[in-house]
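*Asks:* sequence and computational prediction follow.
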Amino acid sequence: MMIAYGQQKDIVIDADLAANSERLKVKMGTQWMGKIFNFKFGEYAVKDSKNGIATSSRNGKLFSTEVTTKFDQKFSFIMANKANETVDVNVILSLRSEELEAMHISDYFQIGQDAFLKGTENFTAFLAAGDSEEDGWVLVINIIEGREVAYKKEAILTNGERLITIMSTNSNLNGEDSRSIPAYGYEFVEKNQALCAMQYYGGGVLGQNKSLVWIRSTLDEKTKLVLAAAMTSLLQKEANYMAGLD
């Protein structure tokens, strides 16, 4: 259950999670060519990474207002804790959209109207926390939206036995943040208990530099590391979006 909690203008997270975790500031480090950001928070840090080249295309038919856009990217990284235990993460991101764009014949005349027909987002992160099958996790975010489809969103983290739901949250969830751009983030919930939360955007104009993480202190170390790696994959995903890669 989401309970009103916030420090200054942070995202709203579960009060019990806030009471049983440390508010960790995320250091993004530098993103070199071919690498993701060197994220670091608490005892967790990206040790190595590879950022694949994004491919995109935009296609429209002659004398047609219909436009199709495609975007694909892959990246991978190794997440480690202070004991040098690691999780290998491989991510695939795929975006598709179908739109109508008005055809402007002159300053006073156009054919058709702009309309967003359908958009899909498929984000999949494979996490290997060991050599056995039970050490394998997958994070999946699937979103379908647009004028011609019913809105649908699935966001989970699972190893086949445990199912963790990833819920969106923000700093204005309870109407207490008057900023035009609130802070945004996610909270990970298993069996009605919040395990961790992350703020990927701090709100306002410079919100990208205000990322935060909370991880429940009573969890076992392997689960903490898996959650840290999962949240890092989403930090990179959102950083790509804010850099205009979507």
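*Replies:* Great, that's in hand. Given the structure is predicted, the values throughout are model-derived calculations rather than measurements.
*Asks:* pull the longest helix from this protein.
*Replies:* Longest helix of the chain, by residue count under DSSP state H: helix 221-242.
*Asks:* so for it, mean pLDDT?
*Replies:* Averaged over helix 221-242, pLDDT sits at 93.
*Asks:* do the same with stretch 80-91
*Replies:* Stretch 80-91 comes out at a mean pLDDT of 96.
*Asks:* now do that stretch: distance from first to last residue.
*Replies:* End-to-end distance of stretch 80-91: 17 Å, with Cα to Cα, to the nearest Å as the criterion.
*Asks:* number of nearby residues for residue 48?
*Replies:* 14 (other Cβ atoms under 10 Å). Every C-beta, even on glycine, is put in place using the N, C-alpha and C of the backbone.
*Asks:* how about stretch 219-227: buried residues?
*Replies:* Across stretch 219-227, burial judged by 16 or more other Cβ atoms under 10 Å covers 219, 223-227.
*Asks:* cool, stretch 77-85 as well?
*Replies:* Across stretch 77-85, burial judged by 16+ other Cβ under 10 Å covers 77-81.
*Asks:* low-scoring stretches of this structure, by residue?
*Replies:* Regions of the chain meeting the criterion pLDDT under 70 cover residues 1-8, 60-64, 102-113, 133, 205-208, 242-246.
*Asks:* centre-most residue in it?
*Replies:* For the chain, residue 234 is the residue whose C-alpha lies nearest the centre (Cα atoms, centre = their mean; 3.3 Å).
*Asks:* my read: that residue touches residue 199, true?
*Replies:* No: counting by Cβ atoms under 8 Å, residue 234 stays clear of residue 199, with 10.8 Å between them.
*Asks:* need the overlap of contacts for those two.
*Replies:* The contact sets of residue 234 and residue 199 do not overlap (Cβ atoms under 8 Å, 6 or more residues apart in numbering).
*Asks:* which parts of the chain are helices?
*Replies:* Applying DSSP H to the chain gives helices spanning 15-19, 221-242.
*Asks:* could I get those as CSV with distance to residue 178?
*Replies:* Converted to CSV, those look like this (distance: least, Cβ to Cβ, whole Å):
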stretch, distance to residue 178
helix 15-19, 22
helix 221-242, 22
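*Asks:* pick the most buried one from the ones you listed.
*Replies:* Comparing the helices of the chain by mean neighbour count (mean count of other Cβ atoms under 10 Å), helix 221-242 comes out on top with a mean of 22.
*Asks:* which among the buried residues of stretch 219-227 gets closest to residue 170?
*Replies:* For the buried residues of stretch 219-227, the residue nearest residue 170 by Cβ to Cβ is residue 227; the value is 20.2 Å.
*Asks:* distance of the nearest residue to that closest one once chain neighbours are set aside relative to residue 159?
*Replies:* Leaving out its chain neighbours, the residue that sits closest to residue 227 by Cβ to Cβ, 6 or more residues apart in numbering is residue 196, at 4.7 Å. As judged by Cβ to Cβ, to the nearest Å, residue 196 and residue 159 stand 16 Å apart.
*Asks:* which one of those two is surrounded by more residues?
*Replies:* residue 196 (26 against 17).
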